[in-house]
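A.B. asks: what shape does this take:
(one chain, ligands or ions: 1)
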Amino acid sequence: MIPLSVPNLTGNEKKYLIDCIDSTFVSSVGEYVNRFEELVAKATGSSSAVATSSGTTGLHAALTAAGVGRDDLVIIPAFTFIATANSVRHCGADPWLFDIRHNDWCLDPDAVKHGIESECELSGDGLIHKKTGRRVSAIMPVHTLGNMPDMDKFNAIAKEYSLVLIADAACSIGAAYHGKPFGELADLSVLSFNGNKTVTCGGGGAVVGRNRELLDHVRHLTTTARVWPDYDFDEAGFNYRMTNIQAAVGCAQMERAMTFVETKRRIRRFYEKELSGLKNSGISFFPETEGSSCWFSGIVLPEGKTLDDSKKVCSALKERDIEARTFWKPVHLQLPYEDSPHEDLVIAESLWQRIIALPCSSGISEEELETVARAINEILG
Ligand SMILES: Cc1ncc(COP(=O)(O)O)c(C=O)c1O
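C.D. replies: Model prediction:
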């Protein structure tokens, strides 16, 4: 089977893991955690980074540090992985769901501005959603596939309405915006190092950002809000810190991060070239912003096609020992978020059903890529 996306663990991962176990520092204190934080801070252009047990816990800690609380609304795209919405709900808040743009599959800043202007008012308590009386406390665009949302516009909106700007940057290690790493583009940005990400720790996350005060608060919250040296705690904190074992794998991965990202970009180019004949039948490719980390690659069936059509293509590929998958089902179609407020979601609703993610591991061989391209051309050509 040619897998969809598996980790590439052929560097120093095993060596650092053995070293970690020999040292007995296997928990949340250790040299590898500190080193991993330095490597992530440097790679993202942030003054520092806080390593977390997962991307989801990083998002939850970031939102909590930013003051998102019970009954608040947080603006997010409907088209995202469920963890974006879950992290909002874990704060006792609800997502306010907006559509994405065709050109980057990221949150649409113009729709957000329009929604705020037409449905909210600024008061002494902040930005209030008039219909529900709830406070809107943050905007959280998602770096879909490692693409950069229009951060200039989001920063302007956040400033105008005094909203905290947090980016779900789960998929974007190695990505850049206007030629620069994204680490200080938002108050906080949160990465994931889950097993299917370009760089993995097995599981893990990191919070970076331009707001030092918020970053320090995230660090405090993720380490149980303990006030050393005694057993004093000044907040209800979390046990969300990354372990030294996770970080040992992560440090070895970070040594090759940009090689992995370059391979991911090369895989995109390969599919675009080898499958270019399918464009005549309305098939398109995943969008890519300049500097995208190109986390995943794949194709999009023409307008009018349905989830069933996409699933049929996946099954036909499976018969040829190739793993392919449909992609994120939007948040408002998921049971826990059926009642969350949302705007028009025309693009998200049509798009998600037609996406087919193709094998794109950073260790995939040329031969495997050729096998996938040949199979797709046979099935859809
Ligand atoms: C967009 C997005 N947000 C959040 C997450 C959550 O990260 P994790 O799985 O590390 O908790 C993921 C990935 O899994 C993701 O793709």
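
A.B. asks: give me the packing partners of the stretch of helix or strand Lys311 belongs to, helices and strands only.
C.D. replies: Assigned by DSSP states H and E, Lys311 falls within helix 307-319. Counting by 3 or more CB pairs under 8 Å, 6 or more residues apart in numbering; DSSP states H and E, the packing neighbours recorded for helix 307-319 are strand 355-358, helix 366-380. Where C-beta positions appear, they are placed from N, C-alpha and C, glycine not excepted.

A.B. asks: want to throw those into JSON lines with mean neighbour count and mean pLDDT?
C.D. replies: Formatted as JSON lines, the helices and strands packed on helix 307-319 follow (neighbours: other CB atoms under 10 Å; pLDDT from 0 to 100):
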{"stretch": "strand 355-358", "mean neighbour count": "23", "mean pLDDT": "98"}
{"stretch": "helix 366-380", "mean neighbour count": "16", "mean pLDDT": "98"}
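
A.B. asks: need the pLDDT of the one residue in the chain that gets nearest to the ligand.
C.D. replies: Using CB to the nearest ligand atom, Gly55 is the residue of the chain that sits closest to the ligand, at 2.6 Å. Among the per-residue scores, Gly55 shows a pLDDT of 98.

A.B. asks: could you do Asp125 as well?
C.D. replies: 89.

A.B. asks: how about Glu323?
C.D. replies: Confidence score, pLDDT, at Glu323: 98.

A.B. asks: my guess is Tyr309 contacts Ile355. True?
C.D. replies: Small correction: residue 309 is Asp, not Tyr. No - contact criterion CB atoms under 8 Å: Asp309 and Ile355 do not qualify, at 11.2 Å.

A.B. asks: and stretch 243-255, C-alpha only, in CSV?
C.D. replies: Written as CSV, here are the backbone C-alpha positions of stretch 243-255 (Å, rounded to 0.1, in the frame of the first residue of the first chain):
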residue,chain,number,x,y,z
THR,A,243,7.5,15.5,27.1
ASN,A,244,11.3,15.1,26.5
ILE,A,245,10.5,11.9,24.6
GLN,A,246,8.3,13.7,22.2
ALA,A,247,10.8,16.5,21.9
ALA,A,248,13.7,14.0,21.2
VAL,A,249,11.9,12.9,18.1
GLY,A,250,11.0,16.5,17.3
CYS,A,251,14.6,17.7,17.5
ALA,A,252,15.7,15.1,15.0
GLN,A,253,12.8,16.0,12.7
MET,A,254,13.6,19.7,12.9
GLU,A,255,17.1,19.0,11.6
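
A.B. asks: buried ones in that stretch, by neighbour count?
C.D. replies: Within stretch 243-255, the residues scored as buried using 16 or more other CB atoms under 10 Å are Thr243, Asn244, Ile245, Gln246, Ala247, Ala248, Val249, Gly250, Cys251, Ala252, Gln253, Met254.

A.B. asks: quick one: contacts for the second one?
C.D. replies: Right, the one you point to is Asn244. If you count contacts by CB atoms under 8 Å, 6 or more residues apart in numbering, Asn244 has them with Cys20, Ser23, Phe25, Val26, Ser27, Ser28, Val29, Gly30, Glu31, Tyr32, Val33.

A.B. asks: chain neighbours aside, what residue packs nearest to the last one?
C.D. replies: Which is Val33. Nearest non-adjacent residue to Val33, counting by CB to CB, 6 or more residues apart in numbering: Ala247, 4.3 Å away.

A.B. asks: how about the secondary structure of that neighbour?
C.D. replies: Counting by DSSP: H, G, I helix; E, B strand; the rest coil, the backbone at Ala247 sits in helix.

A.B. asks: re earlier: also near the ligand: which of the buried residues of stretch 243-255, exactly?
C.D. replies: By CB under 6 Å from any ligand atom, no member of the buried residues of stretch 243-255 lies near the ligand.
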